[in-house]
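1. Model the structure of this input:
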Amino acid sequence: MKNIDVCLTPDLLHLHTASLENSIVVVADVFRATSCMVTAFAHGVDSITPVATIEECKDLQNRGLLAAAERNARMVDGFDLDNSPFSYMDERLMGARIAMTTTNGTYAITKSRQAVKVLVGSFLNLEAIARYLKSQQYDVMVLCAGWKGRPNLEDTLFAGGLIDRLKDDYMMAEDSAIMAWRLYCQGKDDLPGYLANSSHVRRLHRLGIQKDIVYCLQHDLFDVVPVLRGNTLVCMEVQ
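-> Model prediction:
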């Protein structure tokens, strides 16, 4: 039986190096990078190039890409887009090529490149991701972006939600997967309430970004599966 594992933060990824090369990695940064990416592809963006640093993002902006940069949940001055999913619903972005750097999510993606495939997951495309993985022969690693090297609750809950949909097809390999699944089972009927006191929800509330929180916790809005091709994310065509 295939295995599904959870890495709670990129800082722990070195512990999974041996299994990474035989796994599909699903990166989750629910608040808000991967939710932005999924929303962008659902609204017609052509590609997203995730980079770890502001300097790399600026370089791609200088080469003609639209650029999105976020640090500490705020937009970085001098860039075109922020880290709110609502910014990626603009019809003017259809067909656009975007470069993106965020505090946690894009870093997690760049750390995962040795995997068989790297997918972008969020609650918004949870069913699309689960359906695709059921058709694959590889083990799965859910990489939670966390917050600056620390685990966070929302990404762990996403991991648990994905496990909940795959539990008949995949074995939970380690305790981190069991923990994530049990947390999701506890909170799934009221995710906003379950997350009310979490650190990143409090951080976003201080910035007045409550509507993003509610949006990012919606399940199965979009039937898209972003995948990393080389250094660039594109929308995979899946059956």
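2. got the residue ranges for the helices in the protein?
-> 17-20, 33-42, 54-62, 105-110, 126-134, 153-166, 175-187, 191-194, 199-206, 210-216 (DSSP state H).
3. can you list these in TSV and add mean pLDDT and distance to Glu237?
-> Heads up, the C-betas are built off the backbone N, CA and C, glycines and all. Listed next are these as TSV, based on pLDDT from 0 to 100; distance: least, Cβ to Cβ, whole Å:
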stretch	mean pLDDT	distance to Glu237
helix 17-20	77	25
helix 33-42	98	11
helix 54-62	98	25
helix 105-110	96	20
helix 126-134	98	11
helix 153-166	98	21
helix 175-187	98	29
helix 191-194	96	30
helix 199-206	84	32
helix 210-216	94	25
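4. does Val116 really touch Asn22, like I thought?
-> Yes - at 6.7 Å, Val116 and Asn22 qualify as touching, with contact defined as Cβ atoms under 8 Å.
5. who touches both of these two?
-> Tyr138 (Cβ atoms under 8 Å, 6 or more residues apart in numbering).
6. higher neighbour count, the two?
-> Val116 (16 against 13; other Cβ atoms under 10 Å).
7. Quick check: phi and psi at that one.
-> Phi and psi for Val116, reported as degrees, to the nearest 10, are phi -60, psi -50.
8. Next one: it from Leu204, what distance?
-> As defined by Cβ to Cβ, to the nearest Å, Val116 lies at a distance of 33 Å from Leu204.
9. what's around the residue nearest to Lys2 when sequence neighbours are not counted, how many residues?
-> In space, and not counting its chain neighbours, Lys2 is closest to Tyr170: 4.9 Å by Cβ to Cβ, 6 or more residues apart in numbering. Residues within reach of Tyr170, counting by other Cβ under 10 Å, total 20.
10. Could you report the neighbour count for Asp80?
-> Look at Asp80: counted by other Cβ under 10 Å, it has 16 neighbours.
11. Which residues does the residue nearest the centre of the chain form beta bridges with?
-> Closest to where the C-alpha atoms of the chain average out (Cα atoms, centre = their mean) is Ala28, at 2.8 Å. Per DSSP bridges, the residues bridged to Ala28 are Gly121, Cys144.
12. For it, give me the pLDDT.
-> On pLDDT, Ala28 comes in at 98.
13. Next: Ile98.
-> pLDDT at Ile98 comes out at 98.
14. now it: how far from Thr110?
-> Relative to Thr110, and taking Cβ to Cβ, Ile98 is found at 16 Å.
15. who's more crowded, these two?
-> Counted by other Cβ under 10 Å, Ile98 and Thr110 do not tie: Ile98 has more neighbours, with 26 against 19.
16. Could you pull up the contacting residues of His219?
-> By Cβ under 8 Å, 6+ apart, the contact set of His219 is 123-124, 126-127, 161.
17. What values do phi and psi take at it?
-> The phi and psi values for His219, taken as degrees, to the nearest 10, are phi -100, psi 140.
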